[in-house]
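Visitor: Let's see this in three dimensions:
(chains A, B, C and D)
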Protein chains: 4
Amino acid sequence: MHSNIRELELVVKEIADEMAQRADRGEVASYIPELACIDSGHFGIVVIDADGLIAAAGDCDVPFSIQSISKVFTLTLALGKVGNRLWRHVGREPSGSPFNSIVQLERERGVPRNPFINAGAIAVTDQILSGHQPKEALGEILRFMQFLAGDDSIMIDEKVAASEQRTGFRNVALTNYMKSFGVIENPVDFTLGVYFHHCAISMSCRQLAMAGRFLAHSGINPSTGHTVVQAERARRINALMLTCGHYDGSGEFAYRVGLPGKSGVGGGILAVAPGKASIAVWAPGLDANGNSHLGRIALEALTKRMGWSIFGA
Amino acid sequence: MHSNIRELELVVKEIADEMAQRADRGEVASYIPELACIDSGHFGIVVIDADGLIAAAGDCDVPFSIQSISKVFTLTLALGKVGNRLWRHVGREPSGSPFNSIVQLERERGVPRNPFINAGAIAVTDQILSGHQPKEALGEILRFMQFLAGDDSIMIDEKVAASEQRTGFRNVALTNYMKSFGVIENPVDFTLGVYFHHCAISMSCRQLAMAGRFLAHSGINPSTGHTVVQAERARRINALMLTCGHYDGSGEFAYRVGLPGKSGVGGGILAVAPGKASIAVWAPGLDANGNSHLGRIALEALTKRMGWSIFGA
Amino acid sequence: MHSNIRELELVVKEIADEMAQRADRGEVASYIPELACIDSGHFGIVVIDADGLIAAAGDCDVPFSIQSISKVFTLTLALGKVGNRLWRHVGREPSGSPFNSIVQLERERGVPRNPFINAGAIAVTDQILSGHQPKEALGEILRFMQFLAGDDSIMIDEKVAASEQRTGFRNVALTNYMKSFGVIENPVDFTLGVYFHHCAISMSCRQLAMAGRFLAHSGINPSTGHTVVQAERARRINALMLTCGHYDGSGEFAYRVGLPGKSGVGGGILAVAPGKASIAVWAPGLDANGNSHLGRIALEALTKRMGWSIFGA
Amino acid sequence: MHSNIRELELVVKEIADEMAQRADRGEVASYIPELACIDSGHFGIVVIDADGLIAAAGDCDVPFSIQSISKVFTLTLALGKVGNRLWRHVGREPSGSPFNSIVQLERERGVPRNPFINAGAIAVTDQILSGHQPKEALGEILRFMQFLAGDDSIMIDEKVAASEQRTGFRNVALTNYMKSFGVIENPVDFTLGVYFHHCAISMSCRQLAMAGRFLAHSGINPSTGHTVVQAERARRINALMLTCGHYDGSGEFAYRVGLPGKSGVGGGILAVAPGKASIAVWAPGLDANGNSHLGRIALEALTKRMGWSIFGA
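Guide: This is a model prediction of the structure:
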């Protein structure tokens, strides 16, 4: 069942080489000014197998803005705090709309479709906040990330957070809209302050792949032996990543890659091969759906060569 | 990797007993008159493991109308005939809408979101038909089903087909709408005639589980050794079932059951545990999304007890 | 209160001259093959004042396909037959959508927003048909037009009707969709047959302006002294023309022209200056909303110069 | 052409009596706390004819919150300041949606459909503000109202403004949403501050009818002889009131009343009979579309008895 680490290292190296040579690199996200200046030439990949062996290549230790990938971890944290009551504030279905659509909210009385579209992730953040000060909630989220990755050096990039806060009118709109239906419980600026900041966490592929290990291994982080969540919860978070993790490109990601994964507009993707590996890739150029263009291609190559698709050998 | 057949038989028996006793049985589909009179007391389940061993319980040999489950097989057939050109006529993303919604078609110029909503399945049927007479196309579909199940006795229930044809105004609307955008190539009544008839195929759980084996085993039917499709295609069909197989309840099915599956309003569900088993359940009562209520609950129990979720142990 | 006919003749002549010289003529409707070949150089205008005096210019006696203008007359006829029961099948609000949108029907359970979008006019036609043979209903509509215009030579252009019937997939979609909600009572092909044929009525500006006189004069046709409808009903039909008569350009028409009016994709517009005049213009080129481009401009000039806007001097 | 003032006084008195006796009074708006406590028993009406003669009855001198009626006056003011450039920020078509819908904004890239839905009125307010301090803009609006009504005692009800500001999350959402598309130019809280305050202006029917006179008389206030706007602009504002002045009940209002009018959730309606009269009614109970229930019924009776419909005698 365990992969041969030599084979894996070879595959990872090959993929990094192939990605370095490709001319089609997608477009770097422009709507957050601080992200717009990232060089689309970057590519990094880290795979950690069930034994904790690490195959890494490219810019695997360069920190990048994890953006929406943080939503996987805030979802995990919120479920730990409020349990299934969370589902009163957010659904579990793919949205069939772009990541920042407000149309669906009108049709469904302010309850966002899933925790991975912006509105849903904001509602999840609101549940983590529940009555506390933004600073405390944010500290809790950051410490959770550090704990999962086993690395206290993980930080929030304040420039990115400020940049997003200045221009995030659509997220302000979404949050006020949900607030008008009673879905958001804290003051809008508190909730959004925490949201913008946790999206601005900076991590490298290595840190991210480490933080995702509990999802690949029944809720347990094999590096530390800590139970992060029960096995059933890990499976369910994986299911949500599969159906909703790539906005309106989720079907395509499942079809091509065949792994649960969550992308961010910073160009990162965290993917999970249950029982086999935790994977992080980074390539800043995005496709039309806002997902890392080369990241997806690299993951497709990886699952194919390793036979890791959850949909069959 | 192979399940212990004794354990599996025990689990299947237990589940059938539990389902028999439940009072909450959902509502039998009423919009097709011929289906409205089915007794919601039925429950059947068949699981066929990798070795071809069969665990069955309840009404496992009673034929029922497979309805939308046929869409998995017409998709397979159409991909075999036209290959990736099929994707010019239908997308691969969850719809975020009920199974018979027409709104999405207007937004996306007549191209349905995926092959499992009604509009998408009609577009797929249209590609199978491509220029032939309806009778020939229908014969081809039926023979494909018989071949996959290894059972020549599988038939179309003409009463159900006629019933649907008389009342299927919404499907006529969807098809004409796609035709107005050039997505449908054959005469509307030809395409719909074939569609209504293949939805009216009658099969038992045993026949259905047999027909689905190639999806669980890398495109090969282990009973016969025939390669039905390449392994990659089998994986991709499974991915589509996971993200889109239960209409606007697909996220929920993935979250709770954790297997690729396709439901029909006749109350059947075909589910696939890649590498492990092909599964068919039947319970005629439906939930609010039009999926078998007890069927889903039974599959949730099965994957949990057998540890078969694709999202982790 | 009555206009000086000399002044009116002068204004009409001037406008026809101006329109003849304009280079911007819009695009002739292409979706009905038989209409696509009409020369966009045509322009005709007829104004009939309260005393029955006629000012005419340009191609005022050339018959053209009245298309959606027929909806004003079928609405009048249907209200005469079923009275306010008609409003169970169609609403009275502007649609906020293009003329052939199906989205609104899904949101409002198959009841079209008003009698002038396609779906609404089809529902109105269905009420005229109510149980009769298509031929009879069509005969009734045609005789009503001939009676109103005082001209038995008005005919249906069978080529246009056949052309529309062959390509009108979207209307077939709309009608089946309404049928699925029970809004349509007759067989779809009966209702659509009548609809396509009454849209294919051919009339000249002179005939059309004559037929519209009852709307300008409290329900009475001053040419004949016949009461066509009660005064209140004439006012209400005018109100519907004002708010809904130009699809998603109705607000613009009210803003610029300031008269109740109904356009057709054949390039005609019937407009009503209550108490003052019945007006018909024809210019085949259309604007982006499917309304006659020069027709609207001519009417704007006419109301301005004559001081006929219903919104003030 | 001028009404007999005796007849008018009689009609107005009769209508007020009839309204006082009706049991069906609609529901007082509950979403703004300060408005929720108004007694639905109130009814006031004032009609000012072309000669300046006044027919009044009921609570005609009780000030009420004019709410959305203020949008007519801010539109007038904004057109005076920025002219037709205003139409880059707002459209002129009926919306086909409730007054606070956000769906349309997504479809049309942040440009609201017309100046009378909330989003549109906020965009208009933003143009009045253009770079100034909220206090100055608000002062300008208030002075304009006082000037039109010839009454310096007109005030803003600060309690209502504060109440709305505290609970108006949906308007905050709409404004931020438009801001994300660049449609809003000033800081969101500046624009909304002015918007909430001008909606909170308190006026009696007498003051409101006086302020609306310029719309009935070609842009000139006959009381003072001042030209407020050119005649064409007055006609166009009337046209917008007719097509868009009652949200998703605009078609119904045109159909039944036959006058340009603008309603507010405070229960007031300003209506204009071009060339004949300026009319204000007040009855706090609303219908399902958020328009004054008895206000509409009273206006329907008035136009019918006076023969004032713009759609014919």
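Visitor: Tell me, how many residues neighbour whichever residue of the stretch 201-313 of chain A sits closest to chain C?
Guide: Across the stretch 201-313 of chain A, no residue is closer to chain C than A:Asp248, which sits at 18.6 Å (Cβ to the nearest Cβ). In this view, the C-beta of every residue, glycine as well, is placed from N, C-alpha and C. Neighbours of A:Asp248 under the rule other Cβ atoms under 10 Å in any protein chain shown: 22.
Visitor: do the same with A:Leu142
Guide: By other Cβ under 10 Å, the residues close to A:Leu142 number 17.
Visitor: Repeat that for A:Arg113.
Guide: By other Cβ under 10 Å, neighbour count at A:Arg113 equals 26.
Visitor: so who does the closest residue to A:Trp308 other than its chain neighbours touch?
Guide: Spatial nearest neighbour of A:Trp308, chain neighbours left out: A:Ala273 (4.3 Å); criterion: Cβ to Cβ, 6 or more residues apart in numbering or on different chains. Contacts for A:Ala273 (Cβ atoms under 8 Å, 6 or more residues apart in numbering or on different chains) come out as A:Ala216, A:Leu259, A:Ile279, A:Thr303, A:Met306, A:Trp308, A:Ile310.
Visitor: Distance check, the closest residue to chain C within chain A against B:Gly96.
Guide: At 8.9 Å from chain C, A:Arg107 is the closest residue in chain A, using Cβ to the nearest Cβ. Remark: distance between A:Arg107 and B:Gly96 (Cβ to Cβ, to the nearest Å) = 10 Å.
Visitor: of these two, who's got more company?
Guide: The neighbour comparison of A:Arg107 against B:Gly96 (other Cβ under 10 Å) goes to B:Gly96, with 24 against 14.
Visitor: Excluding chain neighbours, give the residue nearest to that one in space.
Guide: Using Cβ to Cβ, 6+ apart and skipping residues adjacent in sequence, the residue nearest B:Gly96 is A:Gly96, 2.3 Å away.
Visitor: close enough to count as contact, that neighbour and A:Gly249?
Guide: No - in this structure A:Gly96 lies outside contact range of A:Gly249 using Cβ atoms under 8 Å: 11.7 Å.
Visitor: between these two, what contacts are shared?
Guide: B:Glu93.
Visitor: Kindly provide the distance from A:Cys37 to chain B.
Guide: 31 Å (Cβ to the nearest Cβ, to the nearest Å).
Visitor: what number of residues lie near that residue?
Guide: 8.
Visitor: Next: the one 5 residues further on.
Guide: A count of nearby residues for A:His42, using other Cβ under 10 Å, gives 20.
Visitor: A:Asp157 now?
Guide: Neighbour count for A:Asp157, taken as other Cβ under 10 Å: 20.
Visitor: got a list of what it touches?
Guide: Counting by Cβ under 8 Å, 6+ apart, A:Asp157 makes contact with A:Glu34, A:Ser65, A:Ala200, A:Ile201, A:Ser202.
Visitor: Grab the two from the residues you listed that are most spread out in space.
Guide: Spatial extent of those (Cβ to Cβ) is set by the pair A:Glu34 and A:Ile201 at 13.5 Å.
Visitor: Between those two, which contacts overlap?
Guide: A:Ser65, A:Asp157.
Visitor: who's more crowded, those two?
Guide: A:Ile201 (28 against 18).
Visitor: can you pull up the bridge partners for that one?
Guide: Applying DSSP bridges to A:Ile201 gives these bridge partners: A:Ile156.
Visitor: picking up where we left off before, list the ones among the contacts of A:Ala273 that fall in helices.
Guide: Those of the contacts of A:Ala273 mapping onto helices are A:Ala216, A:Thr303, A:Met306, per DSSP state H.
Visitor: isn't A:Ala283 right up against A:Gly295?
Guide: Yes - the criterion here is Cβ under 8 Å, and A:Ala283 meets it with A:Gly295 at 4.8 Å.
Visitor: related to what we said a few turns ago, out of the ones in helices among the contacts of A:Ala273, which comes closest to chain D?
Guide: Out of the ones in helices among the contacts of A:Ala273, the member with the shortest distance to chain D (by Cβ to the nearest Cβ) is A:Thr303, at 34.9 Å.
Visitor: That closest one - how many residues pack around it?
Guide: Residues near A:Thr303, counting by other Cβ under 10 Å, number 23.
Visitor: separation between the residue of the stretch 201-313 of chain A found nearest chain D and B:Trp87?
Guide: Relative to chain D, the nearest point of the stretch 201-313 of chain A is A:Asp248 (13.9 Å; Cβ to the nearest Cβ). From A:Asp248 across to B:Trp87, the span is 16 Å (Cβ to Cβ).
Visitor: and if you look at A:Gln146?
Guide: A:Gln146 is 43 Å from B:Trp87, by Cβ to Cβ.
Visitor: When the two are compared, which one has more neighbours?
Guide: A:Gln146 (17 against 14).
Visitor: And the contacts of stretch A:210-217?
Guide: A:48, A:50, A:72-73, A:145, A:148-151, A:203, A:220-223, A:226, A:228-229, A:234, A:237-238, A:241, A:260, A:270, A:272-280, B:312.
Visitor: which one is the most centrally placed residue in chain A nearest to, not counting chain neighbours?
Guide: For chain A, the residue nearest the mean C-alpha position is A:Ile69 (1.7 Å; Cα atoms, centre = their mean). Once flanking residues are discounted, A:Ile69 sits nearest to A:Gly264: 4.3 Å by Cβ to Cβ, 6+ apart.
Visitor: State the number of residues packed around the one you found.
Guide: 28.
Visitor: ok, it - contacts?
Guide: Taking Cβ under 8 Å, 6+ apart as the contact definition, A:Gly264 lies against A:Ser65, A:Ile66, A:Gln67, A:Ser68, A:Ile69, A:Ser70, A:Cys199.
Visitor: Nearest residue to the third one in space, ignoring adjacent ones along the chain?
Guide: Spelled out, that is A:Gln67. A:Gly264 is the one closest to A:Gln67 (Cβ to Cβ, 6+ apart), at 3.3 Å.
Visitor: backbone phi and psi for the one you found, please?
Guide: Main-chain dihedrals, A:Gly264, degrees, to the nearest 10: phi -130, psi 150.
Visitor: Would you mind listing what in the stretch 101-250 of chain A touches chain B?
Guide: A:104, A:113-114, A:215-218, A:231-232, A:234-236, A:238-240, A:242-244, A:248-250 (Cβ under 8 Å from any Cβ of the partner chain).
Visitor: so what's A:Ile69 up against?
Guide: A:Leu208, A:Lys262, A:Ser263, A:Gly264, A:Gly266, A:Gly268, A:Ile269, A:Leu270.
Visitor: Tell me the buried residues in the helix or strand of chain A with the lowest mean pLDDT?
Guide: One helix or strand of chain A scores below all others by mean pLDDT, DSSP states H and E: helix A:103-107, with a mean of 78. Under the neighbour-count criterion of 16 or more other Cβ atoms under 10 Å in any protein chain shown, helix A:103-107 has A:Val103, A:Gln104, A:Leu105, A:Glu106 buried.
Visitor: from what I can see the last one touches D:Ser101, true?
Guide: Yes - taking contacts as Cβ under 8 Å, A:Glu106 lies within contact range of D:Ser101: 6.5 Å.
Visitor: Grab the CA positions of the helix or strand where A:Ala137 lies and hand them over as CSV.
Guide: Assessed by DSSP states H and E, A:Ala137 sits inside helix A:134-149. Output of helix A:134-149 as CSV, limited to C-alpha atoms (Å, rounded to 0.1, in the frame of the first residue of the first chain):
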residue,chain,number,x,y,z
PRO,A,134,-11.0,39.3,16.3
LYS,A,135,-7.5,39.2,17.6
GLU,A,136,-8.2,36.2,19.8
ALA,A,137,-10.0,34.3,17.0
LEU,A,138,-7.2,35.0,14.6
GLY,A,139,-4.6,33.9,17.2
GLU,A,140,-6.5,30.7,17.6
ILE,A,141,-6.5,30.0,13.8
LEU,A,142,-2.8,30.8,13.4
ARG,A,143,-1.9,28.6,16.4
PHE,A,144,-3.9,25.8,14.9
MET,A,145,-2.0,26.1,11.6
GLN,A,146,1.3,26.2,13.4
PHE,A,147,0.3,23.1,15.5
LEU,A,148,-0.8,21.1,12.4
ALA,A,149,2.3,22.0,10.4
